[in-house]
Every structure is written in C-alpha cells, then in structure tokens.
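Asker: build me a model:
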Amino acid sequence: MARIPLPTAADAPEAFALIQARRSHAPNAEIFRTIATCPEILEAFIPMADAVRNGCGIDPQLREMAIVMACQTMGTSYEHDPHWNRALREGVPKEKMLALWDFENSDLFSGLEKAVLRLSRDATRAPAQVSTEVWNAVHSELGSPQSVALLFNIGWYNMTGRLTGPLDLGHDFVRG
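Answerer: Purely as a prediction, here's the structure:
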C-alpha cells in the first residue's frame, strides 16, 4: 500500500484529464496517480517518459533488458514485472530473461547484450564509476545517439525506482 494517499480523478481533475489523454491505457497507474500530487511535474513527466522510451531508435529488446537489469540491481519491483513482460513481447526469450541476473555466466547473451547489461548494472550501482571498458563496449556498437538513449532509459528507471520504492507503490502486473 502506498505511503501517501493517492489522488483520484475527483481530487485532481486536471491532472487526471492529462493522464487520460496521454496514458489512456494506464490511467490509474500508481506512478501517475502519485505524480498527480504535483501537476507541474506530471505535465513534464509524461512527455519525457515517452521521449526516453522511444528516443533514437534503440533496439527495444536491449532497452527492456537494460531496464529490468536496473530494477534488479536496485531491488525495486514496481517497474520490474511490467518491463519483464514487455521484454517478452519485444521478442526476448523467457529463458534469457530468467538468466538475466547471471548474464556474465550465460551463453544466451550476445557480446552487445552483455555490454548493455554491464552498463545498466554498473550505472545503477555507481554511476560515476562506470569503467571506460564498459562504456566503450556499448558505445563502439551503438554510437553516441543510441548510447545516450540507453543511458537515459537506465537513468529514467533508476529515477522511477527511487520514487516508487520509498513510496511503496505496488502494481497489478504478473511476470509472463
């Protein structure tokens, strides 16, 4: 149960109108209801979330695996299961998702996938300590725009995990 009272459409009609207009598929998601307590942040949050997710043509399988790795590294659950399921929908095999945490010892992952997972793990643990080797392994394959887009995804889900975790937000998703 959330640690703050989450507003309803009756409490914040303008914020909920924005949520409905931009996120009609998830109008009651706890993250949006929480941010609706600060409408000016919500107004910027939704388009930024869309830009981060869709920016620079990053491979959706790489993006989703990186997001799940960030969630696993932080130990947060709110975004974990939805993005686990999204990874499956994007074509990541379930066997690979089950091996994600132990990717270093798995033959299931390509060199690029391992590089992306290292970057996600290391950037989540200690952002200023991502090694040149880890960065270069991603950057040499993806180039600057997609590498930056990947970092935005990792950073974005680190930010949402640092909001949803302390507020003890739940979710209705189940792993596929």
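
Asker: how would you label the most centrally placed residue in the chain: helix, strand or coil?
Answerer: Centroid-nearest residue in the chain: Tyr157, 3.7 Å away (criterion: CA atoms, centre = their mean). Here Tyr157 is recorded as helix under DSSP: H, G, I helix; E, B strand; the rest coil.

Asker: my read is that it contacts Ala70, right?
Answerer: Yes: in this structure, Tyr157 sits in contact with Ala70. The criterion is CB atoms under 8 Å, and the distance is 4.8 Å. (Glycine included, C-beta is placed from N, CA and C.)

Asker: returning to what we had before: which ones are touching the residue nearest to the centre of the chain?
Answerer: Applying CB atoms under 8 Å, 6 or more residues apart in numbering, one finds that Tyr157 lies in contact with Ile67, Ala70, Cys71, Glu79, His83.

Asker: the third one and Arg53, how far apart?
Answerer: Pointing back at Cys71 there. Note on Cys71: its distance to Arg53, by CB to CB, to the nearest Å, is 15 Å.

Asker: look at these two and report which has more neighbours.
Answerer: Summary of the neighbour comparison: Cys71 and Arg53, criterion other CB atoms under 10 Å, with Cys71 having more neighbours (26 against 17).

Asker: so how far is the one helix or strand that one maps to off the chain centroid?
Answerer: When secondary structure is defined by DSSP states H and E, Cys71 falls within helix 60-74. On the basis of CA atoms, centre = their mean, to the nearest Å, the separation between the geometric centre of helix 60-74 and that of its chain is 7 Å.

Asker: could I get the contacts of Tyr157 as JSON lines with pLDDT?
Answerer: Supplementary listing: the contacts of Tyr157 in JSON lines, determined by pLDDT from 0 to 100:
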{"residue": "Ile67", "pLDDT": "97"}
{"residue": "Ala70", "pLDDT": "97"}
{"residue": "Cys71", "pLDDT": "96"}
{"residue": "Glu79", "pLDDT": "91"}
{"residue": "His83", "pLDDT": "94"}
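
Asker: list just the nearest of those to Asp122.
Answerer: Nearest to Asp122 among the contacts of Tyr157: Ala70, at 10.5 Å, using CB to CB.

Asker: does the closest one really touch Trp156, like I thought?
Answerer: No: with contact defined as CB under 8 Å, Ala70 and Trp156 do not form a contacting pair (9.0 Å).

Asker: one step back: export the helix holding Cys71 to PDB, keeping only CA atoms.
Answerer: Output for helix 60-74, consisting of C-alpha atoms alone and laid out as PDB, is shown next (Å, rounded to 0.1, in the frame of the first residue of the first chain):
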ATOM      1  CA  PRO A  60      13.600  -2.400 -27.800                       C
ATOM      2  CA  GLN A  61      15.000  -5.800 -26.700                       C
ATOM      3  CA  LEU A  62      18.200  -4.100 -25.500                       C
ATOM      4  CA  ARG A  63      16.200  -1.300 -23.800                       C
ATOM      5  CA  GLU A  64      13.900  -3.700 -21.900                       C
ATOM      6  CA  MET A  65      16.700  -6.000 -20.800                       C
ATOM      7  CA  ALA A  66      18.600  -2.900 -19.500                       C
ATOM      8  CA  ILE A  67      15.500  -1.600 -17.600                       C
ATOM      9  CA  VAL A  68      14.900  -5.000 -16.000                       C
ATOM     10  CA  MET A  69      18.600  -5.200 -15.000                       C
ATOM     11  CA  ALA A  70      18.400  -1.700 -13.500                       C
ATOM     12  CA  CYS A  71      15.300  -2.800 -11.500                       C
ATOM     13  CA  GLN A  72      17.000  -6.000 -10.300                       C
ATOM     14  CA  THR A  73      20.200  -4.100  -9.300                       C
ATOM     15  CA  MET A  74      18.200  -1.600  -7.300                       C
END
